[in-house]
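1. Sequence first, predicted model second:
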Amino acid sequence: MAGQYGNEPMMEMFLFETSQLLEQLEQLILTCEKSNCYTEDTVNEIFRIMHTIKGSSAMMMQDSISTISHSMEDLFYFLRESKPQKIDNSALSDLVLEGVDLIKIEVEKLKNGDKADGNTSELQGRIKSLLSDFQMSNSSSNTVKDRKLLVNKEQQYYLSQDKTRINTAKYKNAFKATIHFEEGCEMENIRAYEIVHNIRDITDEFFHIPERIIEDDSCAEIIRQEGFKLFLRTDSSYEELHEFFMETLFLKDLELVQIEIDDYYRLYDEKQEITSKNISVSNRSSGEESEEIRETHSVSSQQNIISVNMTKLDKLMDLVGEMVIAEDMVIQNPDLKGMELENFQKASRQLQKITGEI
């Protein structure tokens, strides 16, 4: 079953980024172990990492990874919001490193083409127990705010055939978010899909531009040039939404604007009208092109077949793997930590772009 996900870009990206995040997390925990202290910045960074792994693994339907990362995220949410004074740093570090090891094992299974089916219940129980101990020993501290943003699970907004608004009072706020990702991060459409997947924890009433972000690969270039535009209605505040979007991986720029409810529906209608026109044009052109496609299919199919020496292909794949490893060793070199090297950062992003295309 090895190599099962070789042609699945989403799975490849998930495995690569999760491995990178686990390395960062492990280094953070080891640093905290040495200093016997978890700073506010470190807690925030660990929470962000666990939140990202939880969201991406849930999107990929990897329940074992999602559930354990969710438990670890809960733990650091408590630390971030309550800022407790009485914390057993050693016990915290040991438990988080156990979680990292478990996720690494699950990731390795997926890389080998096996199912990630590890039992996380025992470790989850110990994490919840540690969280309970922290809460009890710091019960005099400020109470943790409810972390869940308000979500109404009623039926999603829609338009009737006579364009009458249905259930317009469901959510009290409307927002427009424009997201730009870092240059060279690649697969912008898949990163946008991850935002869409996670936004369902906040609201079930939203739409986005471009629309077919998974089905149409050209959306990646549109997002790269114009940004990913997400329109939503929710009961969440501006601050809560801003915090949600700022946890997006490879986020370069965020423009979040609260809009009027009427503007939200006007923009929705405009998007639907454009979509209908595009479908109509597509249907007409597809009929005209079908004959040409049939005529050229046999020729193009023959031209797409080449003969490759498997030994040389295997060697090429090995060299690519070694190049990616060498790239990681250079970019993640601890000697570079804290240094302001603008030209190096630009060069490293270009290198990542090239190896990503390979």
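-> Looks like it arrived, so ask away.

2. Please make it C-alpha for all contacts and neighbour counts, starting now.
-> OK.

3. Mean pLDDT per helix and strand in the chain: which one sits at the bottom?
-> helix 261-303 (a mean of 62; mean pLDDT, DSSP states H and E).

4. Where does the prediction get shaky in the stretch 151-300 of the chain?
-> The stretch 151-300 of the chain contains residues with pLDDT under 70 at 151-169, 275-300.

5. Just say helix, strand or coil for Ile87.
-> coil (DSSP: H, G, I helix; E, B strand; the rest coil).

6. so it makes contact with Gln135?
-> No - counting by CA atoms under 8 Å, Gln135 is not a contact partner of Ile87; they are 9.7 Å apart.

7. What ranges does the stretch 51-200 of the chain have for its helices?
-> Under the criterion DSSP state H, counting those that start in this stretch, helices of the stretch 51-200 of the chain are mapped to 63-82, 89-111, 121-137, 188-199.

8. Quick one: the ones you listed as a markdown table, columns for mean neighbour count and distance to Ser237 too.
-> Listed next are the helices of the stretch 51-200 of the chain as a markdown table, based on neighbours: other CA atoms under 10 Å; distance: least, CA to CA, whole Å:
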| stretch | mean neighbour count | distance to Ser237 |
| --- | --- | --- |
| helix 63-82 | 21 | 17 |
| helix 89-111 | 18 | 31 |
| helix 121-137 | 15 | 27 |
| helix 188-199 | 20 | 14 |
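
9. Redo the ones you listed as a markdown table? Include distance to Asp262.
-> Output for the helices of the stretch 51-200 of the chain, formatted as a markdown table (distance: least, CA to CA, whole Å):
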| stretch | distance to Asp262 |
| --- | --- |
| helix 63-82 | 35 |
| helix 89-111 | 45 |
| helix 121-137 | 44 |
| helix 188-199 | 21 |
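
10. Of those, which shows the lowest average pLDDT?
-> Here the helices of the stretch 51-200 of the chain differ in mean pLDDT, and the lowest is helix 188-199 at a mean of 84.

11. following that one, which helix or strand comes up?
-> Using DSSP states H and E, the helix or strand that follows helix 188-199 in sequence is strand 206-209.

12. How about residues contacting that next one?
-> Phe228, Lys229, Leu230, Phe231, Leu232, Arg233, Tyr268 (CA atoms under 8 Å, 6 or more residues apart in numbering).

13. Leaving out sequence neighbours, find the closest residue to the last one.
-> In this case it means Tyr268. Phe207 (7.5 Å; CA to CA, 6 or more residues apart in numbering).

14. Could you check how far the closest residue to Leu230 other than its chain neighbours is from Tyr264?
-> Excluding the flanking residues, the one nearest Leu230 by CA to CA, 6+ apart is His208, at 4.4 Å. Relative to Tyr264, His208 is positioned 12 Å away (CA to CA, to the nearest Å).

15. before we move on, what about Met246?
-> For Met246, the distance to Tyr264 - CA to CA - is 22 Å.

16. same question, Lys115
-> 42 Å.

17. can you check Asp335 too?
-> Taken as CA to CA, the span from Asp335 to Tyr264 is 49 Å.

18. Which one's more surrounded, the two?
-> A direct count of neighbours by other CA atoms under 10 Å for Asp335 and Tyr264 places Tyr264 higher, at 20 against 8.

19. Give the full set of residues in contact with that one.
-> Counting by CA under 8 Å, 6+ apart, Tyr264 makes contact with Ala174, Phe175, Phe231, Leu232.

20. now swap in Asn343 and tell me
-> Per CA under 8 Å, 6+ apart, neighbours of Asn343: none.

21. Apply 10 Å and report the result again.
-> By CA atoms under 10 Å, 6 or more residues apart in numbering, the contact list for Asn343 reads Arg349.

22. wait, is it part of a helix?
-> Yes - according to three-state DSSP, Asn343 belongs to a helix.

23. For it, give me the pLDDT.
-> Reported pLDDT for Asn343: 70.

24. Tell me what Phe207 is bridged to.
-> Beta-bridge partners of Phe207, counted by DSSP bridges, are Phe231.

25. please begin residue numbering at 52 from this point
-> Let's use 52 as the start, then, which means that last one is Phe258.

26. Next one: it from Glu290, what distance?
-> Computed as CA to CA, the Phe258 to Glu290 distance reads 21 Å.

27. more neighbours, the two?
-> Comparing Phe258 with Glu290 by other CA under 10 Å, the one with more neighbours is Phe258, at 18 against 8.

28. tell me the secondary structure for Glu306?
-> Using three-state DSSP, the three-state assignment for Glu306 comes out as strand.

29. Would you confirm that it contacts Ile230?
-> Yes - in this structure, Glu306 is within contact of Ile230 by CA atoms under 10 Å, at 6.6 Å.
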